[in-house]
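Asks: this one's sequence-less:
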């Protein structure tokens, strides 16, 4: 394709009739369309997609707003701002308020196989139709021709001929079939069914998703000048070394061996290393190395737990220059902010610029959750897919990869391979335990001798108790406890029951409870207290399993899959500071495997009842993973069913499957719980005016997760009604103590 259009100086000197946005924004439809088209092509051109996909991205941008020739929009946009509200009602009574599907319909008549392949024409049409909603098969969009839509099509048809005369002067329009569009536009809207070839289904999905993402970034970012970043952050990782620790020499030797024994040229790499050996320093040093060698645009860190992202955020905070903190984005399901804003505790001043940079991941470094990675890859929603193309020319670090559901791993691995090829990305999968589903991926060479020495030096005793009685395993009442003890169970219900049993009668003065139902600021306070004042019995859920820099002298852990057991072992005698032998007792309360898969739970229970220490546990892991993979028929069936959705291009079902089977756990409703120092009215005001994550970072420490539905009658009337309508949960000012218990937090609402 030749250069697409004349300079914008020439363009701005030309008078165009049709508008892309309200008149006060002074943007013509031609100008906006060309600007979006050229940016979309520029973005895709910086990947390894071929020229035809680059051209497809261009045409997606060039044709995405044709539907704004619908008289509803042209009449509305040309109306003065002070009269627009009344005119909008009048127009809505006659015309359909839609443009995306009309744009796709017109584009389907303009594009032909002379310009793009059938696959890429479909990608363009799907992206255009979805750019204000979400990806769907074209036949799933609502195209029933009610009277309003007929009026819009008739009015748009009249505008098309004049608009075509405006754009025909541009070389990029020379191959568009204007005659076909004018002949067939007034026919009922109907799209041919498209199905991907089985062997190319994932490639097809990624192509559609990337063209969609390029269109969204180009369109949403068109009103603010923005540039693709370059990762050039200086990370002082030597500050992460724990000098004086008994393990520091081993850690340093291990880290040094990793860099001396690898060239890191593989597109996807696995770093398998024992818990606590310093993986964070390794992959941060690797990020700096690869950034210099491969001109990385961004570095992403994905963690399965918010606790891990918070821990990583704090480590970054300590090793990065203050001036660079604005270049690090921390993003989770509640809010997004830069490290600089964390320090200053203030809002971003330019909402539009900030919102685009945050929602498109246009920063040098992004710290977020593994859930967000999966959402970006598999969601069909526009506000999720806008982030996808920012993975290009970047390093993606996926920590604790073993936590991803096993049925999804084969597809995810194939997806990541495609991303590494097409988007020129580097992928680093990190864990102490690597599932068999990832076999075949290139491992980073490690010094096995040092790793074994580390495991030997950090050896922990493991025992198993089938009939659990908390009174038998804890110190005798009124004993002067000088160490920290952790009791961890699999559900918040069990944690509540254990806490009540242990703390009943106050025989143990320092019994504390931690779960996601505890306010974040309270969790931080409790953890600091545990670190600074030993002598606590801590009852918790998996919230302390990983990502928390805290050490216990004894751990009692309910039976769980081996992956989880390995993680919690990292909280036991963390720096070998306790001279006595480290011991974890694994216990069984009942036969309930929730929230884990029954196969992994039962297989792990059998192994845990036989082993004596952590060294034996690590030795058993390879056979465990192989056994689970071979026996898991349910995972095989789910994986096959999931793959078939890609061939059918069923974007909605792909997302619904991941949302239901992967993300449903742990996404409870978030509640803002003011403390005594919080001005309730100020908090409510900020929440009312918040616009998708903006303003919320200031109050992030006040959040906790509700274990029941907020619609239940016994609790619904305790929340502020005005905010409830916005799906934001804040207790009424006089109901805070009724909702939040000082010991159990929101878990007081767990039903027996």
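Replies: Great, that's in hand. Because the structure is predicted, anything quoted here is derived from the model rather than measured.
Asks: how about the strands in the stretch 651-752 of the chain?
Replies: Using DSSP state E, counting those that start in this stretch, the strands of the stretch 651-752 of the chain run over 669-672, 703-706.
Asks: Just checking: what are the partner strands of the last one?
Replies: Under the criterion DSSP bridges, strand 703-706 sits next to strand 669-672 (antiparallel) in its sheet.
Asks: before we move on, back to that, out of the strands of the stretch 651-752 of the chain, which comes closest to residue 303?
Replies: Set against residue 303 and scored by CB to CB, those come closest in strand 703-706, at 17.2 Å. Using the backbone N, CA and C atoms, a C-beta is placed for each residue, glycine as well.
Asks: What lies in contact with the closest one?
Replies: Applying CB atoms under 8 Å, 6 or more residues apart in numbering, the contact partners of strand 703-706 are 334, 516-520, 668-673, 729, 740, 745-746, 749.
Asks: in which helix or strand would I find the residue lying closest to residue 377 once chain neighbours are set aside?
Replies: Spatially, and ignoring its direct neighbours in sequence, residue 377 is nearest to residue 415 (5.8 Å; CB to CB, 6 or more residues apart in numbering). For residue 415, the host element (DSSP states H and E) is helix 409-422.
Asks: just checking, next helix/strand downstream of that helix?
Replies: strand 426-431.
Asks: helices and strands around that following strand, which ones?
Replies: In terms of contacts (3 or more CB pairs under 8 Å, 6 or more residues apart in numbering; DSSP states H and E), strand 426-431 is packed against strand 268-272, helix 279-294, strand 394-399, helix 409-422.
Asks: give me that answer again for 6 Å
Replies: strand 268-272, strand 394-399 (3 or more CB pairs under 6 Å, 6 or more residues apart in numbering; DSSP states H and E).
Asks: which among the contacts of strand 703-706 end up buried?
Replies: Restricting these to buried positions leaves 516-520, 668-673, 729, 740, 745-746, 749, with burial counted as 16 or more other CB atoms under 10 Å.
Asks: What helix or strand is residue 249 located in?
Replies: helix 248-260.
Asks: Which parts of the chain belong to which domain?
Replies: Residue ranges for the domains of the chain, per automatic domain parsing: 8-216, 237-449, 458-631, 669-749.
Asks: what about the residue nearest to residue 377, neighbour count?
Replies: Neighbour count for residue 415, taken as other CB atoms under 10 Å: 19.
Asks: mind checking pLDDT for it?
Replies: Residue 415 is assigned 98 on the pLDDT scale.
Asks: Checking residue 556 next. Helix, strand or coil?
Replies: strand (DSSP: H, G, I helix; E, B strand; the rest coil).
Asks: Check whether it really touches residue 585, as I assumed.
Replies: Yes: between residue 556 and residue 585 there is a contact under CB atoms under 6 Å: 5.0 Å.
Asks: Those two - which one has more neighbours?
Replies: residue 556 (23 against 16).
Asks: So, low pLDDT: which residues of the stretch 351-500 of the chain?
Replies: 351-354, 473, 475, 477-481 (pLDDT under 70).
Asks: out of the strands of the stretch 651-752 of the chain, nearest to residue 54?
Replies: strand 669-672 (40.9 Å).
Asks: can you list contacts of the closest one?
Replies: With contact meaning CB atoms under 6 Å, 6 or more residues apart in numbering, strand 669-672 is reached by 334, 702-704, 706, 710, 729-730.
Asks: Over to stretch 580-592?
Replies: So stretch 580-592 is contacted by 460-466, 468, 554-559, 572-573, 608 (CB under 6 Å, 6+ apart).
Asks: ok, now stretch 436-455?
Replies: Contacts for stretch 436-455 (CB under 6 Å, 6+ apart): 250, 253-254, 257, 261-262, 266, 268-271, 274, 277, 406, 409-410, 615, 618, 625-626, 629.
Asks: and if you look at stretch 391-401?
Replies: Outside stretch 391-401, the residues that reach it (CB under 6 Å, 6+ apart) are 47, 283, 287, 290, 296-304, 419, 423-431.
Asks: swap in stretch 266-273?
Replies: 279, 420, 427-430, 434, 441-444.
Asks: These: which two are farthest apart?
Replies: It's 279 and 420 that sit farthest apart of the contacts of stretch 266-273, by CB to CB, at 20.5 Å.
Asks: More neighbours: those two, which one.
Replies: Set side by side, residue 279 and residue 420 show more neighbours around residue 279, with 24 against 19, by other CB under 10 Å.
Asks: Check which residues of stretch 109-123 are buried.
Replies: Buried residues in stretch 109-123, counted by 16+ other CB under 10 Å: 109-111, 115-116, 119-123.
Asks: Same list (those residues) but as JSON lines, adding pLDDT, secondary structure and distance to residue 24.
Replies: As requested, the buried residues of stretch 109-123 are exported to JSON lines (pLDDT from 0 to 100; DSSP: H, G, I helix; E, B strand; the rest coil; distance: CB to CB, whole Å):
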{"residue": "109", "pLDDT": "97", "secondary structure": "helix", "distance to residue 24": "33"}
{"residue": "110", "pLDDT": "98", "secondary structure": "helix", "distance to residue 24": "30"}
{"residue": "111", "pLDDT": "98", "secondary structure": "coil", "distance to residue 24": "33"}
{"residue": "115", "pLDDT": "94", "secondary structure": "coil", "distance to residue 24": "35"}
{"residue": "116", "pLDDT": "97", "secondary structure": "coil", "distance to residue 24": "36"}
{"residue": "119", "pLDDT": "96", "secondary structure": "helix", "distance to residue 24": "40"}
{"residue": "120", "pLDDT": "97", "secondary structure": "helix", "distance to residue 24": "36"}
{"residue": "121", "pLDDT": "97", "secondary structure": "helix", "distance to residue 24": "36"}
{"residue": "122", "pLDDT": "97", "secondary structure": "helix", "distance to residue 24": "37"}
{"residue": "123", "pLDDT": "97", "secondary structure": "helix", "distance to residue 24": "34"}
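Asks: right, and out of these, which lies closest to residue 233?
Replies: Out of these, the member with the shortest distance to residue 233 (by CB to CB) is residue 123, at 34.5 Å.
Asks: which residue sits closest to that closest one in space, ignoring its chain neighbours?
Replies: Distance criterion CB to CB, 6+ apart; nearest residue to residue 123, sequence neighbours excluded, is residue 208 at 4.4 Å.
Asks: Tell me which stretches of the stretch 151-300 of the chain form strands.
Replies: Assigned by DSSP E, counting those that start in this stretch, the strands in the stretch 151-300 of the chain fall at 268-272, 298-303.
Asks: Just want the angle from the last one to strand 394-399.
Replies: Between strand 298-303 and strand 394-399, the angle comes out at 10 degrees (axes from the mean of the first three to the mean of the last three CA atoms, to 10 degrees).
Asks: what packs against the next helix or strand after strand 298-303?
Replies: Next along the chain after strand 298-303, taking DSSP H and E as the criterion, comes helix 306-319. In terms of contacts (3+ CB pairs under 6 Å, 6+ apart), helix 306-319 is packed against strand 365-369.
Asks: hang on, the earlier thing: tabulate the strands of the stretch 651-752 of the chain (a markdown table), appending distance to residue 29 and mean pLDDT.
Replies: Formatted as a markdown table, those follow (distance: least, CB to CB, whole Å; pLDDT from 0 to 100):
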| stretch | distance to residue 29 | mean pLDDT |
| --- | --- | --- |
| strand 669-672 | 41 | 89 |
| strand 703-706 | 43 | 90 |
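Asks: Tell me which of these lies nearest to residue 379.
Replies: strand 669-672 (19.1 Å).
Asks: from the middle of its chain, how far away would that closest one be?
Replies: Counting by CA atoms, centre = their mean, to the nearest Å, strand 669-672 is centred 19 Å from the centre of its parent chain.
Asks: Much appreciated, bye for now.
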